[in-house]
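Engineer: kindly return the folded structure for what I paste below:
(2 chains)
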Amino acid sequence: DAGVTQSPTHLIKTRGQQVTLRCSPKSGHDTVSWYQQALGQGPQFIFQYYEEEERQRGNFPDRFSGHQFPNYSSELNVNALLLGDSALYLCASSSGAGIEKLFFGSGTQLSVL
Amino acid sequence: DAKTTQPTSMDCAEGRAANLPCNHSTISGNEYVYWYRQIHSQGPQYIIHGLKNNETNEMASLIITEDRKSSTLILPHATLRDTAVYYCIVRALDDKIIFGKGTRLHILP
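Structural biologist: The predicted model follows:
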């Protein structure tokens, strides 16, 4: 049983570009959450998707957007990249609401030059 | 903002019990205490959670004080592979999981 898979593992972009990160949830999970982790910091919540809708959102600008597909996979899009967007982007999946445990992927390391 | 306070770092000798404290003095009655850990270059991993009773699983034990204002995660026999950052989180059932800075646990050989 595959866990949470993310692609790509590493990515280098330049300022002003746009990037799309992808996530496939663990089998049986229908909820996907995205986190940004800067070096030396804890993961920061970006948003959560359930039933193809954004259910909750953290304190991130509109440059950060997402999408969830009918097969529960998800994409994170970041427009107009800034140097400060350089971070590890983590995807986590869970099963519905309630006392869910998050299962994390290994992340995508984004470097903005 | 994170609702918990944890020490920045701790050391523990291999084979001994590692006791990681967490303060959550503003916890609400419907909020659970969760623990995750993050080993270098990996995503966080769920360890355990509880509401008010002590909990134990194959990874660890969670001791919550009677007033629920603090808790302790116990790794009974620490190994080098337990070296990681440990995050204590409080959340209600349908709320997002917010990570703080965690405790960096070093297991010493």
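Engineer: for chain B, what's its nearest residue on chain A.
Structural biologist: Taking CB to the nearest CB, chain B has its nearest neighbour within chain A at A:F104, 2.9 Å off. Using the backbone N, CA and C atoms, a C-beta is placed for each residue, glycine as well.
Engineer: so what pLDDT did that residue get?
Structural biologist: pLDDT, A:F104: 95.
Engineer: identify the residues contacting it.
Structural biologist: Each residue near A:F104 by CB atoms under 8 Å, 6 or more residues apart in numbering or on different chains is listed here: A:V4, A:L90, A:C91, A:A92, B:Q42, B:G43, B:P44, B:Q45.
Engineer: ends of stretch B:3-13, what's the gap?
Structural biologist: Using CA to CA, to the nearest Å, the span of stretch B:3-13 from its first residue to its last is 29 Å.
Engineer: sorry, wrong one. I was asking about stretch B:56-73.
Structural biologist: Start and end residues of stretch B:56-73 are separated by 10 Å (CA to CA).
Engineer: just to revisit the earlier point, can you list phi and psi of the residue of chain A closest to chain B for me?
Structural biologist: phi -100, psi 150 (degrees, to the nearest 10).
Engineer: thinking again about what came up before, just the contacts of A:F104: which are in strands?
Structural biologist: Members of these lying in strands (criterion: DSSP state E): A:L90, A:C91, A:A92, B:Q45.
Engineer: now render these as JSON lines, adding neighbour count and distance to A:E53.
Structural biologist: Shown next, in JSON lines, are the ones in strands among the contacts of A:F104 (neighbours: other CB atoms under 10 Å in any protein chain shown; distance: CB to CB, whole Å):
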{"residue": "A:L90", "neighbour count": "29", "distance to A:E53": "21"}
{"residue": "A:C91", "neighbour count": "30", "distance to A:E53": "17"}
{"residue": "A:A92", "neighbour count": "28", "distance to A:E53": "17"}
{"residue": "B:Q45", "neighbour count": "16", "distance to A:E53": "28"}
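Engineer: need the residue closest to the centroid of chain A.
Structural biologist: With distances taken as CA atoms, centre = their mean, A:W34 lies nearest the centre of chain A, 3.2 Å away.
Engineer: hang on, the earlier thing: now, the most widely separated pair of the contacts of A:F104?
Structural biologist: Between any two of the contacts of A:F104, the greatest separation by CB to CB is 14.2 Å, found for A:C91 and B:Q45.
Engineer: how about B:I39: what's its closest non-neighbour residue?
Structural biologist: The spatial neighbour of B:I39 that comes closest, neighbours along the chain excluded (CB to CB, 6 or more residues apart in numbering or on different chains), is B:A84 at 4.5 Å.
Engineer: got a list of what the residue nearest to the residue of chain A closest to chain B when sequence neighbours are not counted touches?
Structural biologist: Using CB to CB, 6+ apart and skipping the chain neighbours, the partner closest in space to A:F104 is B:G43 (2.9 Å). Contacts of B:G43 were listed using CB under 8 Å, 6+ apart, and they are A:V4, A:L90, A:A92, A:F104, A:G105, A:S106, A:G107.
Engineer: tell me the residues of chain A that contact chain B?
Structural biologist: Those residues of chain A that sit near chain B, judged by CB under 8 Å from any CB of the partner chain, are A:4, A:33, A:35, A:41-45, A:48, A:56, A:58, A:90, A:92, A:97-99, A:101-107.
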